[in-house]
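A.B. asks: Following is a predicted model, sequence given first.
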Amino acid sequence: MSLTVISQTELRNLGASDLKISALGLGTWQFSKGNGFVGGFWPVLEKQEIEEIIQISLRGGINWFDTAEAYGRGKSEEALADVLNGLGDEAKDALIATKWWPALRTAKSIRQTINQRLQSLKGREIDLYMVHQPFSFSSATAEMNEMAVLLKEGKINHVGVSNFNEKKMREAHLALKRQGFPLVSNQMKYSLLDRRIEKNGVLDAAKELGITIIAYSPLEQGILTGKFHKKPELIKNITGPRKLASGFKTSALQRTQPLIDLLDNLAQEYNVSASQIALNWTIHFHGDTIVAIPGATKKHHAEENIGTLTFRLSDKHLAEIDKVSKEVSVR
């Protein structure tokens, strides 16, 4: 077959901004150091392990990292910043996206807590600041008005949201537009096994408004690697409540087997891995609209991620994966 090889990492604009990002970022939920409820989803990583993962990512062309206040109550932000600062010039242009946690708070908390975020990031800039969830005691408009103040003060560089449905995303977009700024992103769960944003209006609205979709869980907690289909006994070794996800059930593994088989076949044809095929589809099927933030808890996960950026699936194979995915994915 004719393989499209990408010799240099292609960068995209983040939404309607002039900020250039790689089609893959690195999700850093797993840097939570076991703190808080969400930190318990992952094994505790040592600083050296985190440094290796970040360094491999940077050297492979990933130029941005996604974290959040809720990831270990700031421990992920701190771990990320420590490593980036320690790498010196190698990481001087690395970009950071982080998120404000809205539960049981009002929009005023966005400005009240921004110094905590900056302190956790130890001198790094907040290139993208997002509202982590659509629920708080305030409206999306009020939240965006607070974000606009931070933009004007230079404390953050761009604004996004996360898990916002079409209606709330449009509201946030309009509120920021009135203040003279674009809403650049909406971080949503999206993968070959969960394509709900294609049906509920979020993706169409994002394309219309020039908003980048940041796909989290693009490998469905590892399910799209195929390793759990081949060795279901590995599921019992998963740390924390992640193992309770519906995709790990026997019936779900059986339903999704045809997709895994296709990914495996294409992996052999392209001389890559099944996970790289899945990620490559995610960042190319809808043009430049969708970028993805796979995580990495081991060096080889980071190496897998960056390998995704070295090739491009053919239009024929993008369509073939699309067809099988729709037959087995969440609707």
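C.D. replies: All right, it came through fine.

A.B. asks: Compute the mean per-residue pLDDT across stretch 238-248, please.
C.D. replies: Stretch 238-248 carries an average pLDDT of 76.

A.B. asks: what does stretch 33-47 give?
C.D. replies: Stretch 33-47 shows a mean pLDDT of 67.

A.B. asks: ditto for stretch 77-91
C.D. replies: For stretch 77-91, the mean per-residue pLDDT is 97.

A.B. asks: starting at the chain centroid, how far to that stretch?
C.D. replies: With CA atoms, centre = their mean, to the nearest Å as the basis, stretch 77-91 stands 19 Å off its chain's centre.

A.B. asks: Give the buried residues for that stretch.
C.D. replies: Neighbour-count burial for stretch 77-91 flags 77-84, 91 (criterion: 16 or more other CB atoms under 10 Å). To be clear about C-beta, it is placed using only N, CA and C from the backbone, and glycine gets the same treatment.

A.B. asks: what does stretch 178-194 give?
C.D. replies: Using 16+ other CB under 10 Å as the test for burial, stretch 178-194 gives 181-194.

A.B. asks: Using CSV, write out every CA atom in it.
C.D. replies: Output in CSV follows, covering the C-alpha atoms of stretch 178-194 (Å, rounded to 0.1, in the frame of the first residue of the first chain):
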residue,chain,number,x,y,z
ARG,A,178,-19.5,39.8,23.5
GLN,A,179,-16.3,40.4,25.5
GLY,A,180,-14.2,40.3,22.3
PHE,A,181,-12.7,36.8,22.8
PRO,A,182,-13.3,33.4,21.1
LEU,A,183,-14.3,30.2,22.9
VAL,A,184,-11.5,28.0,21.5
SER,A,185,-12.3,24.5,22.7
ASN,A,186,-14.7,22.0,24.2
GLN,A,187,-13.2,18.9,25.8
MET,A,188,-15.5,16.0,25.3
LYS,A,189,-15.4,12.2,25.7
TYR,A,190,-14.9,10.9,22.1
SER,A,191,-13.5,7.7,20.6
LEU,A,192,-14.3,5.0,18.1
LEU,A,193,-16.5,3.4,20.8
ASP,A,194,-18.2,6.6,21.9
